[in-house]
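Student: what's the 3D shape of this:
(one chain, ligands or ions: 1)
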Amino acid sequence: MLRTFVSGEGEIPSSGLVSDYLAELHFRISHLSGGAVASYIPELAKADPKLCGIAIATIDGKTYSAGDADVEFTIQSVSKPFVYGYALERHGREAILQRVGVEPTGEAFNSIVLDEVHNRPFNPMVNAGAIAIAETIKGATPAERAQNMLTLFSRLAGRRLSIDEQVYRSELETGHRNRAIAYMMLNSGMIRRAPEDILDVYFRQCAVRVTARDLAVMAATLANDGVNPLSGERVIATEYVSDILTVMNTCGMYNYAGQWSYDVGIPAKSGVAGSILAVIPGQLGIAVFSPPIDQHGNSVRGVAACKEIAQDFRLNIFRSHVSTSTVIRRELYGDIIHSKRARNPLERRLLSETGRRICIIEVQGPLFFGSAERLIRRIGDVQSTTSHVILDFRRVPSADEAASQLLARLAGAFNETGRKLLISHLAHQPALATLHEAMEQALPEQIFEHRDAALEWCENAVIAEAGIQFDATRFSLSELHIFKSLARDDLRLLEALARPMIFEAGDRIIRTGDPARLFFVIARGTVTVELADAVQATHQNLRIASMGPGLSFGEMALLDGGTRSADVVANERVVCYGFSVDAIHELGRTHPHVLTTIYANMMRDFSERLRRANDEIRALEQ
Ligand SMILES: NC(=O)CC[C@H](N)C(=O)O
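Tutor: Next up is the predicted model:
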């Protein structure tokens, strides 16, 4: 039962909740009786049966513990899954399967039977299999092999471990059953080197000193796809982690494995010194240590503690925590949501009429078969009404091989139909590398760092298709919205005031804080309006708009005559006309209607922009 979710102190101690839970659990578990300390290895018989420690490590490296979680004991059989992973990595699945199967025995950990069909040990979690696997530990001498083995475990624990010489010697002197198993395997050709050599490193491997906290970290390394959450070091290749966990699930608790899986539902491994290590993939690792073991060789208190934790925290791995229903965060359409590219009134009308052909899908969460399939199905649904689909991946932390393949196929299908699929915010990080590669191959031109750039690309395509671009070659002031409705004579007066100006790419045409003396009309090229230093963390400028031919900027100066509130930078060579604010005001004195018309045009533009901004905000609120 979860009893301690709120502490009495008024404040909720963030990590105290789990610690308190473990402390209570420990209190109950440590009073359990039953079982006996293993004595077939004489040195193990000396263990204090009262010892009891519990530890949990999360995949982001937080550890919780209760009781004797920092007391050292020997790892024993809990070492087996890790050396198995090591062997798989060195020799590959095929070669290892030749030597050791993956079938549960239903027999004790030290059973002497081999699989008669293949003449190999049933699985790597029982002694026979683990001894065969120990032969794969690299090294020309016993010392080198011991060193390599110890290095593996130190990397798994995230600290330097050592070997308990007494326990090692004790088993070396008395482990005749294991010796028998080794000789039998030599006889059947399952091991090739001298049994004593292999047993030497196997006994040492079993005698590595660890704490419950170490085991929790090792379990968390498996839960974390093979990366130690404390050191950040990859210790096991991702592709073999599921092999290890599968075998742990079917064979890790020996002839209790079926019942364990039914009761607890977590891949686990136990050792005769009294420890159990359990792995909840993607979440955490659990370890319990208490020496008395039952008839199967599993720690009595360890089994009880794991059962409770699994039930209280709903950790059965067959219980699904993933949902595919949230893969689409929301959909936005190009009639309401616009890029930061400022548009002239004609283009704006076109986009509000036909912009629904552009669909932005904000994707969220990890992509795997289920979520990718759901996403693709939705894209299929919107396809009939859209010509452009932008996938915004900023909230996608990972995509596996299956999802990457599905999306690559989708991209291929898009390419064939002439519809466009665009990708934005696909982060450069290892968990997205496969997807990146697949997308780069399928859509080399359509991957954008920012969604806004992708949207602008789509808008440009829609506008180009409609053939309504501003024609800069026959540029006349009457076509500019700011001068709309002015009589020809008035326009002529204004033309006389226009000063042609040329800027090169990167030129800062307007600088924040400068006195505002001119406003500009673009004839050729595009500019970007940006807020200097706006992104605090990086001191980067924030792009708020970009604009091209036929649009004006800096006209606010006509109203407030103050200083500039943003920077405007030329994106390429820009030809524009500058109008002196003073000269326009001057003109207003003799021709007041010129100024009022300009003001009215500006007001109309502002109010339209405000309305559109409100529509966008409303759409983004959903
Ligand atoms: N179950 C175990 O932990 C067994 C390990 C022990 N070293 C043995 O080989 O017998």
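Student: low-confidence ranges in the stretch 401-550 of the chain?
Tutor: 470-475, 534-539 (pLDDT under 70).
Student: Identify each buried residue in stretch 285-298, please.
Tutor: 285-293, 296-298 (16 or more other Cβ atoms under 10 Å). Glycine gets a C-beta too; all of them are placed from N, C-alpha and C.
Student: is any part of it close to the ligand?
Tutor: Yes - Stretch 285-298 is in contact with the ligand by Cβ under 6 Å from any ligand atom, via residue 297.
Student: Was I right to think residue 159 contacts residue 211?
Tutor: No - under the criterion of Cβ atoms under 8 Å, residue 159 is not in contact with residue 211, lying 9.5 Å apart.
Student: More neighbours: these two, which one.
Tutor: Neighbours were tallied for residue 159 and for residue 211 using other Cβ atoms under 10 Å; the higher tally belongs to residue 211 (23 against 15).
Student: I'd like to know how many residues surround the residue nearest to residue 178 when sequence neighbours are not counted.
Tutor: Take residue 178 and drop its neighbours on the chain: the residue closest to it by Cβ to Cβ, 6 or more residues apart in numbering is residue 127, 5.7 Å away. A count of neighbours around residue 127, defined by other Cβ under 10 Å, yields 22.
Student: so how far is the ligand from residue 127?
Tutor: 5 Å (Cβ to the nearest ligand atom, to the nearest Å).
Student: Roughly how far does that residue sit from residue 484?
Tutor: Per Cβ to Cβ, to the nearest Å, residue 127 is found 89 Å from residue 484.
Student: Please apply the same query to residue 620.
Tutor: From residue 620 across to residue 484, the span is 31 Å (Cβ to Cβ).
Student: The buried residues of stretch 285-298 into TSV, with extra columns for pLDDT and secondary structure?
Tutor: TSV is the format used below for the buried residues of stretch 285-298 (pLDDT from 0 to 100; DSSP: H, G, I helix; E, B strand; the rest coil):
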residue	pLDDT	secondary structure
285	98	strand
286	98	strand
287	98	strand
288	98	strand
289	98	strand
290	98	coil
291	98	coil
292	98	coil
293	97	strand
296	92	coil
297	93	coil
298	95	coil
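Student: Considering those, which is situated nearest to residue 613?
Tutor: The nearest member of these to residue 613, counting by Cβ to Cβ, is residue 285 at 49.6 Å.
Student: At the geometric centre of this structure, which residue do we find?
Tutor: residue 397 (3.0 Å; Cα atoms, centre = their mean).
Student: need the contact list for it.
Tutor: 365-366, 431-432 (Cβ atoms under 8 Å, 6 or more residues apart in numbering).
Student: Filter those residues down to the buried ones.
Tutor: Using 16+ other Cβ under 10 Å, the buried ones in the contacts of residue 397 are 365-366, 432.
Student: Kindly report the residues of the stretch 251-400 of the chain close to the ligand.
Tutor: Close to the ligand, as judged by Cβ under 6 Å from any ligand atom, the stretch 251-400 of the chain has residues 271-272, 297.
Student: let's see 8 Å
Tutor: Residues of the stretch 251-400 of the chain found near the ligand (Cβ under 8 Å from any ligand atom) are 254, 270-273, 297.
Student: give me the number of residues near residue 128?
Tutor: 29.
Student: My guess is it contacts residue 109. True?
Tutor: No - contact criterion Cβ under 8 Å: residue 128 and residue 109 do not qualify, at 9.4 Å.
Student: May I have the beta-bridge partners of the residue lying closest to residue 622 once chain neighbours are set aside?
Tutor: Nearest non-adjacent residue to residue 622, counting by Cβ to Cβ, 6+ apart: residue 330, 6.4 Å away. With DSSP bridges as the criterion, residue 330 is bridged to residue 362.
Student: Tell me, what's the model's pLDDT at residue 330?
Tutor: Confidence at residue 330, expressed as pLDDT, is 95.
Student: Please apply the same query to residue 11.
Tutor: For residue 11, pLDDT reads 57.
Student: let's number from 57 now, not from 1
Tutor: I'll keep to 57 as the first residue from here, and by that count the last item is residue 67.
Student: so where does residue 274 fall, helix or strand?
Tutor: helix 268-279 (DSSP states H and E).
Student: Enumerate the positions of that helix that are buried.
Tutor: So for helix 268-279, counting by 16+ other Cβ under 10 Å, buried means 268-279.
Student: so where is this structure shaky, pLDDT-wise?
Tutor: Flagging of the chain using pLDDT under 70 yields the residue ranges 57-71, 526-531, 590-595.
Student: Buried residues in the helix or strand encompassing residue 632, which are they?
Tutor: Assigned by DSSP H and E, residue 632 belongs to strand 630-636. Across strand 630-636, burial judged by 16+ other Cβ under 10 Å covers 630-636.
Student: same thing with stretch 404-421?
Tutor: Neighbour-count burial for stretch 404-421 [16+ other Cβ under 10 Å]: 404, 406-407, 410-421.
Student: Which single residue of the stretch 157-306 of the chain ends up nearest the ligand?
Tutor: Per Cβ to the nearest ligand atom, residue 262 is where the stretch 157-306 of the chain lies closest to the ligand, at 3.5 Å.
Student: For that residue, which non-adjacent residue is closest in space?
Tutor: Closest to residue 262 by Cβ to Cβ, 6+ apart is residue 132, at 4.8 Å.
Student: which residues in the stretch 307-456 of the chain form strands?
Tutor: Secondary structure of the stretch 307-456 of the chain by DSSP state E, counting those that start in this stretch: the strands cover 324-327, 331-336, 340-345, 384-389, 414-420, 444-451.
Student: Pull out the buried residues from stretch 571-582.
Tutor: 572, 574-579, 581-582.
Student: any idea which of those is the one closest to the ligand?
Tutor: residue 582 (70.7 Å).
Student: where along the stretch 307-456 of the chain do the helices fall?
Tutor: Listed in chain order, the helices of the stretch 307-456 of the chain (DSSP state H, counting those that start in this stretch) span 313-319, 356-368, 401-410, 425-439.
Student: With distance to residue 333 as added columns, please give those helices in a markdown table.
Tutor: Shown next, in a markdown table, are these (distance: least, Cβ to Cβ, whole Å):
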| stretch | distance to residue 333 |
| --- | --- |
| helix 313-319 | 13 |
| helix 356-368 | 9 |
| helix 401-410 | 59 |
| helix 425-439 | 29 |
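Student: Near the ligand, which residues of the stretch 107-256 of the chain? Just list them.
Tutor: Counting by Cβ under 8 Å from any ligand atom, the stretch 107-256 of the chain sits next to the ligand at 130, 132-134, 165-166, 183, 186-187, 227, 231, 233-234.
Student: among the residues you listed, which ones are buried?
Tutor: Of those, these count as buried by 16+ other Cβ under 10 Å: 130, 132-134, 165-166, 183, 186-187, 227, 231, 234.
Student: Now secondary structure too, for those residues, in CSV please.
Tutor: Putting those into CSV (DSSP: H, G, I helix; E, B strand; the rest coil) gives the following:
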residue, secondary structure
130, strand
132, helix
133, helix
134, helix
165, coil
166, coil
183, helix
186, helix
187, helix
227, helix
231, coil
234, helix
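Student: Quick check, the residue in the stretch 357-506 of the chain closest to the ligand?
Tutor: Closest point on the stretch 357-506 of the chain to the ligand, by Cβ to the nearest ligand atom, is residue 358, at 12.2 Å.
Student: didn't that residue look like it was pressed against residue 344?
Tutor: Yes - judged on Cβ under 8 Å, residue 358 makes contact with residue 344 at a distance of 3.9 Å.
Student: what sits in contact with each of these two?
Tutor: Joint contacts of residue 358 and residue 344 (Cβ under 8 Å, 6+ apart) are 331-332.
Student: still on that earlier bit, please identify which two of the buried residues of stretch 341-354 are farthest apart in space.
Tutor: Across the buried residues of stretch 341-354, the longest distance by Cβ to Cβ is 22.6 Å; it joins 341 and 348.
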